[in-house]
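*Asks:* fold the stuff below for me.
(chains A and B)
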There are 2 protein chains.
Amino acid sequence: MPENPMPTARTRVVRQADRGVYDREAVYQILDEGLICHIGFVVDGQPFVIPTSYGRKGASLYVHGSAASRMLRRLKEGVPVCITVTLLDGLVLARSAFNHSMNYRSVVILGKAIPVDDPEEKRAAMRVLAEHILPGRWDDARQPNERELKATSVLRVPIEEFSAKVRSGPPIDDRGDYSFPTWAGVLPLEMKWGAAIDDPHLEPGTVVPRYVENYSRKR
Amino acid sequence: MPENPMPTARTRVVRQADRGVYDREAVYQILDEGLICHIGFVVDGQPFVIPTSYGRKGASLYVHGSAASRMLRRLKEGVPVCITVTLLDGLVLARSAFNHSMNYRSVVILGKAIPVDDPEEKRAAMRVLAEHILPGRWDDARQPNERELKATSVLRVPIEEFSAKVRSGPPIDDRGDYSFPTWAGVLPLEMKWGAAIDDPHLEPGTVVPRYVENYSRKR
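*Replies:* Residues are numbered from 1 along each chain as shown, chains lettered A, B, ... in the order given. This is a model prediction of the structure:
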């Protein structure tokens, strides 16, 4: 586990500095609750921001994709990346338009991606990626064969330079606005998982597993 | 309204090309349902990806923030940006680990931000930003004063170079896996809005407005 040199000048939260979080465990908790990240990388001076799934183990974040993907091929070159995970927790409605906000938890990681080429390490990382999304699924699924392993690129981004930004709680209105006659408060947002939908090709009698039925991102 | 030259080489969906969407109205529908975007920009070769709220009017996407924010000051220089909006619709559970996926709708916009400095245009854009999040709120809130207008930077990004990528429906397993004895299907994800939480400073008798109580992102 690397030491925590956080924040650097690049990851310090300057605006609303009280929302900055640099504690590694608090950052991991946000990463472990999230389902997708947005990866930023640069091609010919143009930034691209692409959503993708990820997984975390220790101080490593893993992403994967088709070996033929432009993004994966670019990232494998070791270019600087930014990986951002955002959880939206609610709308914050102040009396003044100006003081409206959102409650959220976000993590920004700066670094470079390292290809995971060793077959055993790659298989282990794919398990981490699968289990991040749905714990229990890996052992229940048909395992990747040689062709599939070859068609998949896996990359590891060390979680070394990072910060989180967190807002929670009620709106912060100017005191002079307290008597303004409009409702103020928070409208909380949650993830709601619907009833599982069977694949049309499902063999009769195959039941929804418990790890799907009881699914939740709360960790 | 600019003509639609989509896709360009930079926005064409190459991997799983059948998921590419270039129709302007379809892209607007995704943008109008989303609550936050991730903005990518580059500083000294390092990409940054920052979550923020946005609003759309016609072929313009607006973002705003503190005039003192590093991001806003950087964007105002007219640097290339990438704005990505992602809606996650569900987990796609295939029989094979390899064919797992997610259902999602995402939009990528490439361009440059233009500062909105004209006071009337700026006020109108701030209304667009507020109404994007919560229709009905702007007229109900205390309007921005001169100091607040000055403290806010508003930027416009023309929606000119863009694409969307959409996956929906059941898993696509290899035919040979149909008999593999694990459940397959889709676990749908929705946004769930909880009961509104009163601000602790709320004047007694102030009731939750109907536009908050009946809030939904479905457009």
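*Asks:* average pLDDT for stretch A:7-20, rounded please.
*Replies:* Mean pLDDT, stretch A:7-20: 88.
*Asks:* same question for it: list its buried residues.
*Replies:* A:Pro7, A:Thr11, A:Val13, A:Arg19, A:Gly20 (16 or more other Cβ atoms under 10 Å in any protein chain shown). All C-beta atoms are positioned from the backbone trio N, CA, C, and that covers glycine.
*Asks:* among those, name the ones in helices.
*Replies:* Assignment to helices by DSSP state H places none of these there.
*Asks:* taking those residues, tell me the two that lie furthest apart.
*Replies:* Taking Cβ to Cβ as the measure, these span a maximum distance of 13.1 Å, between A:Thr11 and A:Arg19.
*Asks:* check which residues of stretch A:54-62 are buried.
*Replies:* Buried-residue list, stretch A:54-62, by 16+ other Cβ under 10 Å: A:Tyr54, A:Gly55, A:Arg56, A:Ser60, A:Leu61, A:Tyr62.
*Asks:* repeat that for stretch A:186-201.
*Replies:* Buried residues in stretch A:186-201, counting neighbours by 16+ other Cβ under 10 Å, are found at A:Val186, A:Leu187, A:Leu189, A:Met191, A:Trp193, A:Ala196, A:Ile197, A:Asp199, A:His201.
*Asks:* so where's chain A uncertain?
*Replies:* A:1-5, A:219 (pLDDT under 70).
*Asks:* strands along that one, start to end?
*Replies:* Taking DSSP state E as the test, the strands found in chain A are A:20-21, A:36-43, A:46-53, A:55-57, A:60-66, A:80-93, A:101-112, A:114-115, A:152-158, A:161-167, A:185-193, A:197-198.
*Asks:* tell me the bridge partners for the closest residue to A:Ser168 other than its chain neighbours.
*Replies:* Excluding the flanking residues, the one nearest A:Ser168 by Cβ to Cβ, 6 or more residues apart in numbering or on different chains is A:Asn103, at 5.2 Å. Counting by DSSP bridges, A:Asn103 forms beta bridges with A:Gly90.
*Asks:* identify the residues contacting A:Asn103.
*Replies:* Each residue near A:Asn103 by Cβ atoms under 8 Å, 6 or more residues apart in numbering or on different chains is listed here: A:Leu88, A:Asp89, A:Gly90, A:Leu91, A:Val92, A:Arg167, A:Ser168, A:Gly169, A:Val186, A:Pro188.
*Asks:* hmm, 10 Å instead?
*Replies:* Contacts for A:Asn103 (Cβ atoms under 10 Å, 6 or more residues apart in numbering or on different chains) come out as A:87-92, A:166-171, A:186-189.
*Asks:* what of A:Lys57?
*Replies:* A:Ala124, A:Ala125, A:Arg127, A:Val128, A:Leu129, A:Glu131, A:His132, A:Arg156.
*Asks:* now do the fifth one against A:Ser60, distance only.
*Replies:* Going back to what we said before, that points to A:Leu129. In this structure, A:Leu129 and A:Ser60 are 11 Å apart, going by Cβ to Cβ, to the nearest Å.
*Asks:* kindly report the same for A:Arg137.
*Replies:* Taking Cβ to Cβ, one finds A:Arg137 at 20 Å from A:Ser60.
*Asks:* same check, this time on A:Thr52
*Replies:* 16 Å.
*Asks:* cool, A:Pro200 as well?
*Replies:* In terms of Cβ to Cβ, A:Pro200 sits 37 Å off from A:Ser60.
*Asks:* swap in A:Thr8?
*Replies:* Separation of A:Thr8 from A:Ser60 (Cβ to Cβ): 19 Å.
*Asks:* quick one: work out the angle between the longest helix anywhere in chain A and strand B:80-93.
*Replies:* As assigned by DSSP H, the longest helix anywhere in chain A is helix A:119-133. Interaxial angle, helix A:119-133 versus strand B:80-93 (axes from the mean of the first three to the mean of the last three Cα atoms, to 10 degrees): 80 degrees.
*Asks:* counting contacts, what elements does helix A:119-133 pack onto?
*Replies:* Counting contacts by 3 or more Cβ pairs under 10 Å, 6 or more residues apart in numbering or on different chains; DSSP states H and E, helix A:119-133 is packed against strand A:46-53, strand A:55-57, strand A:60-66, helix A:137-140, helix A:146-151, strand A:152-158.
*Asks:* does A:Arg95 really touch A:Pro170, like I thought?
*Replies:* No. The criterion here is Cβ atoms under 10 Å, and A:Arg95 misses it with A:Pro170 at 11.5 Å.
*Asks:* so between these two, which is more surrounded?
*Replies:* Per other Cβ atoms under 10 Å in any protein chain shown, whichever of A:Arg95 and A:Pro170 has more neighbours is A:Arg95, with 27 against 18.
*Asks:* tell me the spacing between the more buried one and B:Trp138.
*Replies:* Applying Cβ to Cβ to A:Arg95 and B:Trp138 gives a distance of 13 Å.
*Asks:* kindly report the same for A:Glu146.
*Replies:* With Cβ to Cβ as the criterion, A:Glu146 and B:Trp138 are 58 Å apart.
*Asks:* more neighbours, those two?
*Replies:* Per other Cβ under 10 Å, whichever of A:Glu146 and B:Trp138 has more neighbours is B:Trp138, with 17 against 8.
*Asks:* right, and that one touches B:Ala130 too?
*Replies:* Yes. Assessed by Cβ under 10 Å, B:Trp138 is found in contact with B:Ala130 at 4.5 Å.
*Asks:* okay, and the common contacts of the two?
*Replies:* A:Ala97, A:His100.
*Asks:* beta-bridge partners for the residue lying closest to A:Pro158 once chain neighbours are set aside, please?
*Replies:* Nearest residue to A:Pro158 in three dimensions, chain neighbours excluded: A:Gly111, at 5.8 Å (Cβ to Cβ, 6+ apart). Beta bridges link A:Gly111 to A:Val81, judged by DSSP bridges.
*Asks:* please consider this matter closed, and thank you.
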